[in-house]
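*Asks:* sequence first, then the predicted structure:
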Amino acid sequence: MQDLPCLRTPRCIVRLSARDDAPKLLEYWSANGQRYDPPLPSPMLEEQLWAEASDRARAEFRAGSSCKLYGFSADGQSVVGTVALTSMHSDAEGHCRLGYGIAGACEGQGMMHEIVSAVIVYAFDDLGLRRIEADCAPDNRRSARLLERLGFASTDPRAAVPIRFHLVPEMRSSGA
């Protein structure tokens, strides 16, 4: 059985959430949930829901289907972002989908790059994945730049919606 990930970056601890993190998760999603498209509905802004979501995320990780991580501040007191590897396949193709988000207060500080870089290394080196895919809305230039800086390549840069990116281990030397 795979150990639960706990990744350290210069400014963050990246790990699966636990039940006792529910107040921190609620604080993060209450402050940032409206920034997502579509925004989180009000019923999702309850502490018990995030405790249960932590349990589900751990079960999914143990089953090998997803790895839903949170970036916590170095002191562990607050959530600064989230990174999810979903639709994980351990077959010969070994691919997954990448999603991420950063707290509004942390935008533009390079923290998402730091967090996703660590997760990419973990995905390839520890989880044995061979391809990571991510989608990005064409008007979300900040997200597209992040993916490009991490070494992702657009599969169709002229796409209207969404722009699809991919990364394989051989490509990551320039980014992560």
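*Replies:* Cool, got the structure. Here the structure is a predicted model, which means the values were calculated and not measured. Numbering: from 1, shown residues only.

*Asks:* roughly how far does the most centrally placed residue in the chain sit from Gln48?
*Replies:* Nearest to the geometric centre of the chain sits Val83, at 1.2 Å (C-alpha atoms, centre = their mean). Separation of Val83 from Gln48 (C-beta to C-beta, to the nearest Å): 24 Å. Placement of C-beta: from N, CA and C, glycine included.

*Asks:* likewise for Val80?
*Replies:* 23 Å.

*Asks:* which one of these two has more residues nearby?
*Replies:* Neighbours were counted for Val80 and for Gln48 using other C-beta atoms under 10 Å; Val80 has more, 24 against 10.

*Asks:* tell me where the model's unsure across this structure.
*Replies:* 1, 37-43, 91-92, 156-163, 170-176 (pLDDT under 70).

*Asks:* how about a cut-off of 90?
*Replies:* Within the chain, the stretches with pLDDT under 90 are 1-3, 29-47, 89-95, 135-141, 144, 152-176.

*Asks:* helices of that one, start to end?
*Replies:* 22-32, 47-63, 111-125, 141-149 (DSSP state H).

*Asks:* most tightly packed of these?
*Replies:* helix 111-125 (a mean of 21; mean count of other C-beta atoms under 10 Å).

*Asks:* other residues contacting stretch 75-88?
*Replies:* Contact with stretch 75-88 is made by 12-14, 21, 24-25, 27-28, 64-73, 95-103, 106, 111-112, 115-116, 119, 123, 127, 129, 132, as judged by C-beta atoms under 8 Å, 6 or more residues apart in numbering.

*Asks:* let's go with 7 Å and repeat that
*Replies:* 12-14, 24-25, 28, 64-73, 96-103, 106, 111-112, 115-116, 119, 123, 129 (C-beta atoms under 7 Å, 6 or more residues apart in numbering).

*Asks:* ok, now stretch 112-126?
*Replies:* Under C-beta under 7 Å, 6+ apart, the answer for stretch 112-126 is 5, 7, 9-12, 14, 69, 71, 81, 83, 85, 96, 100, 102, 129, 132, 146, 149-150, 167, 169, 172, 176.

*Asks:* quick one, which of those are buried?
*Replies:* When the contacts of stretch 112-126 are checked for burial by 16 or more other C-beta atoms under 10 Å, the buried set is 5, 7, 9, 12, 14, 69, 71, 81, 83, 85, 96, 100, 102, 129, 132, 146, 150, 167, 169, 172, 176.
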